[in-house]
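In: Curious how this folds, go ahead:
(one chain, ligands or ions: 1)
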Amino acid sequence: MTKNNLEYQVFTPSLYSSKEENNHNSSSITRNESRKLKRIQLKKLQAYEVIEKIENAPWKKIFSLEHTQYLCLTNVCFGGIGGVTTEQLSNIFKSFNGYLGLKLTHGKPYSFIIFNTPYDAFHAREALHEKSCDALNGKIMFIEYVNLNYQNFIKQIKNSDKRDIPGLILMEEFITIEQEKEILQVIYSTKSWIPVQDRMVVFGIKLAEFPFYMNSLLEKLRNLFPSIPKLEQLTIQIYPIGTGIPPHMDSHSSFGPSVIAFSLESSVIMEFKNIKTNKVVNIDLPRRSLMIIKDETRYAWSHAIRARKSDTLENGQIRDRGQRISLTLRTVNPDRICKCSWPELCDRNVNHFGSNIETGES
Ligand SMILES: O=C(O)CCC(=O)C(=O)O
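Out: Okay, the predicted model is just below:
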């Protein structure tokens, strides 16, 4: 075969090429198009080989031919020169039906895009995979379905990057900019604030129905985490700049197994502490993120927001705080029975009055 013949061949090294590309055949494309396709395929293979190395698993096991609701995006880096912002990326994906959010990995050359259904994910992939994207200055995105059997990715999608706190789930960009705007408008027009220490709180009461502005968030939450028991209580808190919440563990016996917190208006570092080992882990709660506290994090770790005007991030950068609003949701435990595996840390046998257990730390 001559060099020229080779160049005319469409380079299709994988089953994972886009439908459009597979429809091309060597007679219907020009030499330039053929070269371009070849370059794209090579770039894609290189990107997947990097993932293989990091994961120590063949990419055909990591990705799936079957449509799943989770997409893995490669060839796009965050931050730095030439990197993209989460805002840019969520703007691209939110134009597709069923977009639920992004899950970024820190320092790894891939991230995840979560959709409501495999069908929704299919539409986004069809439109974007192997295509040059104007909103990313012409960058080509490679997008594959995450194999549901590939637990390392599934865990990363469903759990926080900080897997040393078992049971902590953090999803960035869970709330859209529009949703945040709508919720903040309603919250700021609320009159029933009560000062608690330096914060302003609309207290959690058991609600027959959540306020209308929570509907879309709750629907997303149910779709992604169907095992979370029905939530019944909402607490809204305003944290003016410089304020925080002391270390505490939500009462085991008063509330259900999952505590949900949405962050609005400003990001903040939350400090988690293992009550038995005193290990401390700082977790950045980005604006518009969802946090779920369950399992060990729920029953054996305290959490706190230190009262200060700025936070130091993992990369050493100092980030000024803005006023933050949190929406915390819980299930109320009417019989006050807790069967957790941490009886020594549990208030089930203690005559308690408050809803949260202050841990007495400073
Ligand atoms: O502000 C938050 O995100 C969490 C609030 C909290 O810890 C609580 O209400 O118990």
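
In: Next, L170: secondary structure please.
Out: Counting by DSSP: H, G, I helix; E, B strand; the rest coil, the backbone at L170 sits in strand.

In: Quick check: it touching I283?
Out: Yes. Using CB atoms under 8 Å as the test, L170 is close enough to I283 to be in contact (6.6 Å). The C-beta positions use only the backbone N, C-alpha and C, and glycine is treated the same way.

In: quick one: low-confidence parts of the stretch 151-300 of the chain?
Out: 158-164, 203-206 (pLDDT under 70).

In: Up against the ligand, what does this protein have?
Out: By the rule CB under 6 Å from any ligand atom, the part of the chain lying against the ligand is T235, Q237, I245, D250, A261, H303, S326, T328, N356.

In: Flag every buried residue along the host helix or strand of I269.
Out: Here I269, judged by DSSP states H and E, is contained in strand 268-274. Applying a neighbour-count criterion of 16 or more other CB atoms under 10 Å, the buried positions in strand 268-274 are V268, I269, M270, E271, F272, K273, N274.

In: C-terminal to that strand, which secondary structure element comes first?
Out: Scanning onward from strand 268-274 (DSSP H and E), the first element met is strand 280-285.

In: Contacts made by the following helix or strand past that next one with the rest, please.
Out: Sequence-wise, the next helix or strand downstream of strand 280-285 (DSSP H and E) is strand 290-293. By CB atoms under 8 Å, 6 or more residues apart in numbering, the residues outside strand 290-293 that reach it are 101, 167-171, 174-175, 217, 221, 225, 228, 250, 258-263, 270, 283, 285, 303.

In: same thing but 6 Å
Out: With contacts defined as CB atoms under 6 Å, 6 or more residues apart in numbering, strand 290-293 is touched by I169, L170, M171, F174, S258, V259, I260, A261, F262, L285.

In: more crowded one of L170 and I283?
Out: L170 (23 against 19; other CB atoms under 10 Å).

In: Scan the protein for its longest helix.
Out: In the chain, taking DSSP state H as the definition, the longest helix is helix 31-55.

In: ok, then the element right after it?
Out: Downstream of helix 31-55, the first helix or strand assigned by DSSP H and E is helix 59-62.

In: Just the buried positions in that next one, please.
Out: Across helix 59-62, burial judged by 16+ other CB under 10 Å covers W59, I62.

In: quick check, distance from that helix to the centre of its chain.
Out: Computed by CA atoms, centre = their mean, to the nearest Å, the chain-centroid distance of helix 59-62 equals 22 Å.

In: and what of stretch 321-341?
Out: Worked out by CA atoms, centre = their mean, stretch 321-341 lies 19 Å from the chain centre.

In: do stretch 38-45 as well
Out: Stretch 38-45 has its C-alpha centroid displaced from the chain centroid by 29 Å (CA atoms, centre = their mean).
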